[in-house]
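Novice: Dropping the sequence and predicted coords here.
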Amino acid sequence: MSARTRDLPRRSCLSVPGSSERFLQKGPSVPADMTFLDLEDSVAPLEKDGARAKVVDAVKNLDWGERVLCVRINAWDTKWTVFDVIEVVGNAGERLDEVMLPKVQTPAEVVALDLLLTQVEAQAGLPLGHIGIEAQIETARGLINVEEICAASPRLEAIVFGPADFAASMEMPVLTGGVHIPDYPGDHFHYVFNKILMAGRANGLQVIDGPFLKVREHDAFRDYCKRTKVLGYDGKWALHPDQVGILNEVFSPTQEQFDRAWAILDAYREATEGDSGERKGAVMFGDEMIDEASRKMAIKFVARGDRAGLRRS
Ligand code: GLV
Ligand code: MG
């Protein structure tokens with residue numbers, strides 16, 4: 001299903017611990033664009049084996065609608081990765097859209113997962129290339145290699161920043177992942193956000209910000225979401241259903257922006273192709289000059305608005 005989901009919205013990406021039947025059952029009722037059933041850090045080591053069967057059951061037997069459905073497997077430096085893929089993709093691959101690979105440090109890790117998926121798909125009778133990959137960048141080495149990582153497999157659909165593990169990898173003196181640090185005069189992740197965004201966009205991937213761990217602080221969460229939204233990110237994780245509505249709102253264009261983008265496209269088409277006079281590549285639109293670059297910016301808003309279900313008013 002990677003062809004199906006490559007361009008679906010991922011404004012809100014809900015994390016559901018794979019060892020919790022209660023949270024798995026609740027998952028489909030939360031209106032997240034993307035949901036990932038976690039086998040990694042929200043599952044205790046002694047529960048890892050048991051969580052796989054619960055995740056398989058949830059993927060197969062719950063109604064996940066049209067959303068992007070993903071399972072986060074364990075990283076290659078554990079003893080679980082291969083067995084996660086064989087059990088989950090082998091038994092529930094049909095409805096599954098993607099697997100998420102955490103703590104990716106080198107492009108070889110993505111290539112290894114791609115090769116493993118190809119074998120498991122063949123064994124399970126799934127179309128080859130059916131399962132997409134999301135890769136998490138959450139270590140210093142992963143960030144250094146992010147450009148090669150983003151180009152490592154045609155299965156890649158999204159690149160995801162993991163602020164909590166990244167802070168640990170960098171030995172930052174913080175104890176809460178993914179939140180603003182008032183002591184720093186600016187945004188301590190600004191470089192990281194941009195580096196990942198550029199690598200993702202250069203390879204046609206969606207780019208996603210990770211978790212904000214203070215799940216009860218809704219105003220601070222909304223503020224923090226705006227940082228990556230303004231840079232151009234497609235969406236961000238939710239660790240709690242309350243965060244999903246905020247994400248769907250923040251990562252969608254407003255109706256006003258959507259209408260304005262359409263009006264720019266209309267005005268620009270008329271100026272460049274219309275029959276009403278001299279055809280121009282740069283024209284006034286209200287009090288501003290628009291040109292081909294304005295058209296490209298407007299197309300981005302229209303595409304995002306369409307994905308968010310907006311209609312021109
Ligand atoms: C997410 O996995 C993170 O480490 O922030
Ligand atoms: Mg992590």
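Specialist: Cool, got the structure. Numbering: from 1, shown residues only. Ligands and ions are numbered 1, 2, ... in the order given.

Novice: buried set for the one helix or strand F23 maps to?
Specialist: Counting by DSSP states H and E, the element that carries F23 is helix 21-26. Using 16 or more other C-beta atoms under 10 Å as the burial criterion, the residues of helix 21-26 that qualify are F23, L24. Every residue, glycine included, has its C-beta placed from N, CA and C.

Novice: What of stretch 186-206?
Specialist: So stretch 186-206, judged by 16+ other C-beta under 10 Å, has buried residues 188-189, 192-193, 195-200, 203, 205-206.

Novice: Now the stretch 201-313 of the chain against ligand 2: closest residue?
Specialist: G210 (7.0 Å; C-beta to the ion).

Novice: List the contacts of K48.
Specialist: K48 makes contact with L39, N74, W80 under the criterion C-beta atoms under 8 Å, 6 or more residues apart in numbering.

Novice: Cross-check those residues against ligand 2 and keep the overlap.
Specialist: Among the contacts of K48, no residue sits close to ligand 2 (C-beta under 5 Å from the ion).

Novice: What's the first helix or strand after the helix holding F23?
Specialist: strand 34-38.

Novice: Report the secondary structure state of V43.
Specialist: For V43, the assignment made with DSSP: H, G, I helix; E, B strand; the rest coil gives coil.

Novice: need the contact list for it.
Specialist: V43 sits in contact with P17, G18, S19, A51, where contact means C-beta under 8 Å, 6+ apart.

Novice: my read: the second one touches F36, true?
Specialist: No - if you go by C-beta atoms under 8 Å, G18 and F36 don't touch, sitting 9.2 Å apart.

Novice: Residues of the protein that sit close to ligand 2?
Specialist: E138, G162, D165.

Novice: how about TSV for the buried residues of stretch 186-206, with pLDDT and distance to ligand 1 added?
Specialist: Formatted as TSV, those follow (pLDDT from 0 to 100; distance: C-beta to the nearest ligand atom, whole Å):
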residue	pLDDT	distance to ligand 1
H188	92	14
F189	96	11
V192	98	12
F193	98	13
K195	98	16
I196	98	13
L197	98	16
M198	98	20
A199	98	18
G200	98	16
N203	98	21
L205	97	17
Q206	96	17
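
Novice: want to try a markdown table for those, with secondary structure as columns?
Specialist: A markdown table is the format used below for the buried residues of stretch 186-206 (three-state DSSP):
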| residue | secondary structure |
| --- | --- |
| H188 | coil |
| F189 | coil |
| V192 | helix |
| F193 | helix |
| K195 | helix |
| I196 | helix |
| L197 | helix |
| M198 | helix |
| A199 | helix |
| G200 | helix |
| N203 | coil |
| L205 | coil |
| Q206 | strand |
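
Novice: what two of those are the furthest from one another?
Specialist: H188 and N203 (25.6 Å; C-beta to C-beta).

Novice: Spell out the secondary structure type for the residue positioned nearest the centre of the chain.
Specialist: Residue closest to the average C-alpha location in the chain (C-alpha atoms, centre = their mean): I208, at 3.8 Å. At I208 the chain is in strand, as set by three-state DSSP.

Novice: For it, give me its contacts.
Specialist: I208 touches R10, C13, E134, A158, I159, V160, F161, Y233, D234, G235, K236, W237, counting by C-beta under 8 Å, 6+ apart.

Novice: could you dump those to a markdown table with pLDDT, distance to G274 and neighbour count?
Specialist: Output for those, formatted as a markdown table (pLDDT from 0 to 100; distance: C-beta to C-beta, whole Å; neighbours: other C-beta atoms under 10 Å):
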| residue | pLDDT | distance to G274 | neighbour count |
| --- | --- | --- | --- |
| R10 | 95 | 37 | 28 |
| C13 | 98 | 42 | 29 |
| E134 | 98 | 43 | 27 |
| A158 | 98 | 39 | 26 |
| I159 | 98 | 40 | 25 |
| V160 | 98 | 43 | 29 |
| F161 | 98 | 44 | 29 |
| Y233 | 97 | 36 | 23 |
| D234 | 96 | 34 | 23 |
| G235 | 97 | 37 | 27 |
| K236 | 98 | 40 | 28 |
| W237 | 98 | 45 | 24 |
